[in-house]
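1. Below are the sequence and a predicted model; questions follow.
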Amino acid sequence: MWTVELGRTGVRLPALALGTWNFRDAARMRATIRAAVDLGVFHIDTAEMYPGAEEVVGAAVRDIRDRVFITSKVHPRNATYRGTLEACERSLRKLGTSYLDLYLLHWLERDTPLEETLRAFQTLLEQGKVRFVGVSNFEVRDLQRAQALIKPHVLVNDQVEYNLTHRHIERDLIPYCREAGITVSGYSPFWEGRIPRRSARWHVIEDIATRYGRTPYQVVLNFLARRRDVILIFKTESIEHLRENVAALDFTLAPEDIARIDSAFPA
C-alpha cells in the first residue's frame, strides 16, 4: 500500500485508515484494530462523540502505541478554549496515551468559537499533547479562515465525506488543499453502508468488478484513491473485510474503466 504525506510534515500515512464510528462489538473492534496495524493500516481514526470508541482504541493499542497514529476530534459544543483543553485531556485518558498524533475540530457550528478552538490547539501543540492539528467537514472558505487563525502554526488535515456521490470536493477542496499543504481525508467511502445497489450506475461498478475478479467495494476504494493524495477512512469490525479493503489498492483500473465510473458518478 502506498503512503500519503500528512500536510508538509514529512510524516507519511497509509492511504487507508481505520475508522471506529458506530461499532457494535468492542472485542471484535479491538481485534480488527490490531489486525489493521499488522497489515500496515496503522492510522486509527476516532472522536470523543463516538460512544466507547476512544476506550476501545486505547485498549487495542496500549502495548503498541509507538506503532500507531491516532486521530481524534473535539465536538463543537466543547470547542471553547477551556472546553477544548478539557476535551483533549478526556480523550487522552480514555485512549491511555500522553499525546494525540492528530487532533481535529469535528465540524463547525454557528456558535463554535473558532478563534478559541484554534488558540487551544496552539496551546496543545506547544504543550506536546498533540503533534498536529486540523479540521473536519470544512469547506474552502471556512478552511481559509481557520488557516489564518492558527498562525504561526499550520493545519495539516481536513477530514470530509468522500464517496462516489460526494465527489464535489475534487472540484474545489482537494485542489485548494493540495496547494495549501493540507491533506484531505475522506470518510464514508461506502456511504456508511447505504450502498445504492439497485441503481443502474451501481451495475457499472459491479460489471467492472467482475472483469477484474474483484468486489465492487474494492473498485470503489481503488477509484477514490487513484490520485494517491487522499487518505480514505473506512470502518469495519470484520478482519475479512479489512483484508479485502487493503487488497483494493493492489491493482490498477484501466483508463477506460475510470472513464466509465466518471460518467456514472460525475464529480
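-> Yep, that arrived.

2. Packing partners of the helix or strand of the chain with the lowest mean pLDDT?
-> Here the helix or strand of the chain ranked lowest by mean pLDDT, DSSP states H and E is helix 200-212, holding a mean of 95. Helix 200-212 sits against helix 216-224, helix 255-264, with contacts defined as 3 or more Cβ pairs under 8 Å, 6 or more residues apart in numbering; DSSP states H and E. In short, each C-beta sits where N, CA and C put it, glycine included.

3. Give me the angle between the longest one and helix 216-224.
-> I take that to be helix 255-264. Angle of helix 255-264 versus helix 216-224, following axes from the mean of the first three to the mean of the last three Cα atoms, to 10 degrees, is 100 degrees.

4. Contacts made by helix 255-264 with the rest, please.
-> 164, 201, 204, 205, 208, 219, 223, 226, 253 (Cβ atoms under 8 Å, 6 or more residues apart in numbering).

5. can you put the helices and strands packed on helix 200-212 in JSON lines and add mean pLDDT?
-> Formatted as JSON lines, these follow (pLDDT from 0 to 100):
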{"stretch": "helix 216-224", "mean pLDDT": "97"}
{"stretch": "helix 255-264", "mean pLDDT": "97"}
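
6. what about the strands in the stretch 101-250 of the chain?
-> Taking DSSP state E, counting those that start in this stretch to define them, one finds strands in the stretch 101-250 of the chain at 130-136, 155-161, 183-187, 230-235.

7. For those, give me a markdown table that also has mean pLDDT.
-> Below are the strands of the stretch 101-250 of the chain laid out as a markdown table (pLDDT from 0 to 100):
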| stretch | mean pLDDT |
| --- | --- |
| strand 130-136 | 98 |
| strand 155-161 | 98 |
| strand 183-187 | 98 |
| strand 230-235 | 98 |
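
8. Could you export the ones you listed as CSV, including distance to residue 88 and mean neighbour count?
-> Shown next, in CSV, are the strands of the stretch 101-250 of the chain (distance: least, Cβ to Cβ, whole Å; neighbours: other Cβ atoms under 10 Å):
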stretch, distance to residue 88, mean neighbour count
strand 130-136, 7, 23
strand 155-161, 16, 24
strand 183-187, 19, 23
strand 230-235, 21, 23
